[in-house]
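Undergrad: need coordinates for the below:
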Amino acid sequence: QVFCCFFRDKHGVASLDTVGVDNATFETDYPHVDSTWPDTKRIAAEHVAGLSPEVTYKILRGNAIRMLDLDLDLDRRG
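TA: The predicted model follows:
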């Protein structure tokens, strides 16, 4: 499995059908100077506008949790 990540790149969202919604994550690249901070919430919202709540959750949170095997959102995991 390969995971991809994107930020400030609408092509990432446009490529979800190719990459797969289970393998894509939105990144912030914080604390690097080319990160989306301090506008991360706004930029993330712009990128996922129009996506379903399930896909939005996967891209903004769920896929990273699953990829890193974190003990977060256990009630949402299948």
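Undergrad: all contacts plus neighbour counts: C-alpha atoms, from now on.
TA: Noted.
Undergrad: okay, now the unreliable bits of the chain?
TA: Under the criterion of pLDDT under 70, the regions of the chain flagged as low confidence span 1, 77-78.
Undergrad: strands of that one, start to end?
TA: Here the chain has its strands, by DSSP state E, at 4-6, 24-26.
Undergrad: and residue 45, how close does it get to residue 8?
TA: As defined by Cα to Cα, to the nearest Å, residue 45 lies at a distance of 11 Å from residue 8.
Undergrad: so for these two, which sits in the more crowded spot?
TA: residue 8 (17 against 12; other Cα atoms under 10 Å).
Undergrad: which residue ranges of this structure form helices?
TA: Defined through DSSP state H, the helices belonging to the chain, from first to last, are 10-14, 16-19, 40-48, 53-57, 63-67.
Undergrad: tell me the most buried of those helices?
TA: Neighbour counts (mean count of other Cα atoms under 10 Å) averaged over each of the helices of the chain peak at helix 63-67, with a mean of 17.
Undergrad: rewinding a little: can you add distance to residue 28 and give the helices of the chain back as CSV?
TA: Converted to CSV, these look like this (distance: least, Cα to Cα, whole Å):
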stretch, distance to residue 28
helix 10-14, 14
helix 16-19, 18
helix 40-48, 7
helix 53-57, 15
helix 63-67, 12
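Undergrad: okay, now the residue lying closest to residue 37 once chain neighbours are set aside: neighbour count?
TA: With sequence-adjacent residues excluded and distances taken as Cα to Cα, 6 or more residues apart in numbering, residue 37 is closest to residue 30, at 6.6 Å. For residue 30, the number of neighbouring residues by other Cα under 10 Å comes to 12.
Undergrad: where's residue 30 relative to residue 49, distance?
TA: With Cα to Cα as the criterion, residue 30 and residue 49 are 22 Å apart.
Undergrad: cool, and residue 68?
TA: In this structure, residue 68 lies at 25 Å from residue 49, with Cα to Cα as the measure.
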